Every structure is written in structure tokens, then in C-alpha cells.
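Novice: The sequence and its predicted three-dimensional model are supplied below.
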Amino acid sequence: MPTYVAFLRAVNLGSTRKFPKDAVRAAAERAGFTDVDSYLNTGNLCVTTRKRSPARVEEALEAAFLADRGFEVPTIVFGQTELSELTSYAVGLGERFAPLERHNVSLLREAPSAKVAAAVEAVSTEETRVVVHGRSVNLMWARATPGDVDPLGTSLARSLGVSTARTTKVLAEACRRWC
């Protein structure tokens, strides 16, 4: 049976979107997923299922999470091979542009069109580099300060569709555990 890695968006932020990792695991198990494991309390989940596509896994997990929590939890799912490749790419990119003070990777439900990808990458500067790769956008800061503004802005971020961000460190650990 295939194994998938899921990344939940906007959980455990504020007082109204609480979804502890034990509850995430339990909801996935009740939905029929097996070998369920989680990492951190930020919505990183590994599941095994008979389902054969990330889209079907997303649908099933989102329905389970909505039933459990009463609010929508956008979920982005990758097969092990795709996640391993995009993580390796991100780590290599970070090494290429080192030293970096911050490197986040926005994980996308769908790969952007060439036009959107070009517009996203066009916001790059010497201090903040943005690179699109498949279903991911690498955001790299040579110098970062708390509260930095997202270089994409609201309009470009929306053009990417459903997404959630993780650090390269979190992605590398997820791959070490599950890929």
C-alpha cells in the first residue's frame, strides 16, 4: 500500500484552530488510514492507504479533519518520491545560496503555470530569493528579521492556490522519518 506525507495548513494558530498532533493522528486512523505517524504540532502527518492518488488522500483527510474539528483544514499531500525530490532540491538550493538566515518552502497543492511561476520568481532580489520548483516555492532570505513581510504579497500568494509553508529543516526531518 502506498505511503503519503500530508502537511496541514493553519492548525494550532490562535485559540480557534487547535488540532493537536494526537487528535490529527486519531482522526486519520478513524478515517481508515494505517501506519499513521506525526511530527511536531504543526500538522505534519504520514499515512498508508489503499488510495492511489494524493488528491484522493487530501479529500479523505480533509473530510476526516472537518468532521473531527468542525472547521476546514486544507491539506497538501505528497508521495514519498515527490517529497524526497523537492526536499533534496530545497536543501541543495539553500547550500547554493548560503549563507541564509531563513529558508522556507511553500508546499503547493498544484504546480503553478509557467506564467505564475515566472511572476513569483520575478520578486527575487539580492537579499530575498524566490525559486519555484514543481509544487514548491523556495523563499530564501540572506538576512531575516522577525516579522519580515512575505515577498510574494497577497496577490501572488493567492495565485499559487492552496499552500502551506515549512522550513527546510522540518522537510528534511519529515523525509528522514518517512521517505
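Specialist: Good, I have the coordinates.
Novice: isn't L160 right next to S113, touching?
Specialist: No. Using Cβ atoms under 8 Å, L160 makes no contact with S113, being 10.2 Å away. For glycine as for every other residue, the C-beta is placed from the backbone atoms N, C-alpha and C.
Novice: Please identify which of those two sits among more neighbours.
Specialist: Per other Cβ atoms under 10 Å, whichever of L160 and S113 has more neighbours is L160, with 21 against 10.
Novice: distance of the more buried one from V137?
Specialist: Distance of L160 to V137, given as Cβ to Cβ, to the nearest Å: 7 Å.
Novice: Touching both of those two, which residues are there?
Specialist: Counting by Cβ atoms under 8 Å, 6 or more residues apart in numbering, the residues touching both L160 and V137 are 106, 108, 120, 152.
Novice: just those residues now: which is nearest S84?
Specialist: L108 (16.6 Å; Cβ to Cβ).
Novice: any low-confidence regions in this protein?
Specialist: Applying pLDDT under 70 to the chain picks out no residues at all.
Novice: Report the beta-bridge partners for G79.
Specialist: G79 has the following beta-bridge partners by DSSP bridges: Y4.
Novice: which residues does it contact?
Specialist: Per Cβ under 8 Å, 6+ apart, neighbours of G79: 2-5, 54.
Novice: from those, which single one is nearest W178?
Specialist: When those are compared for distance to W178 (Cβ to Cβ), V5 wins out at 5.3 Å.
Novice: How many residues are close by that closest one?
Specialist: By the measure other Cβ under 10 Å, the count of residues near V5 is 28.
Novice: Distance of the residue nearest to the spatial centre of the chain relative to G70?
Specialist: Per Cα atoms, centre = their mean, the C-alpha nearest to the average position across the chain is that of L107, at 3.7 Å. L107 sits 25 Å away from G70, going by Cβ to Cβ.
Novice: what's the answer for A114, then?
Specialist: In this view, A114 and G70 are 39 Å apart by Cβ to Cβ.
Novice: What about A64, how many residues nearby?
Specialist: Neighbours around A64, by other Cβ under 10 Å: 21.
Novice: wait, what's in contact with it?
Specialist: Taking Cβ under 8 Å, 6+ apart, we find A64 in contact with 27-28, 30-31.
Novice: which one of those is nearest A63?
Specialist: Distance to A63 across the contacts of A64 (Cβ to Cβ) is lowest for A31, with 7.3 Å.
Novice: Need the nearest residue in space to that closest one, chain neighbours excluded.
Specialist: Among residues not flanking A31 along the chain, A64 sits closest, at 3.7 Å (Cβ to Cβ, 6 or more residues apart in numbering).
Novice: for the most far-flung residue of the chain relative to its centre, what are its contacts?
Specialist: Distance to the chain centre peaks in the chain at E126, reaching 25.1 Å (criterion: Cα atoms, centre = their mean). With contact set as Cβ under 8 Å, 6+ apart, E126 has these partners: A142.
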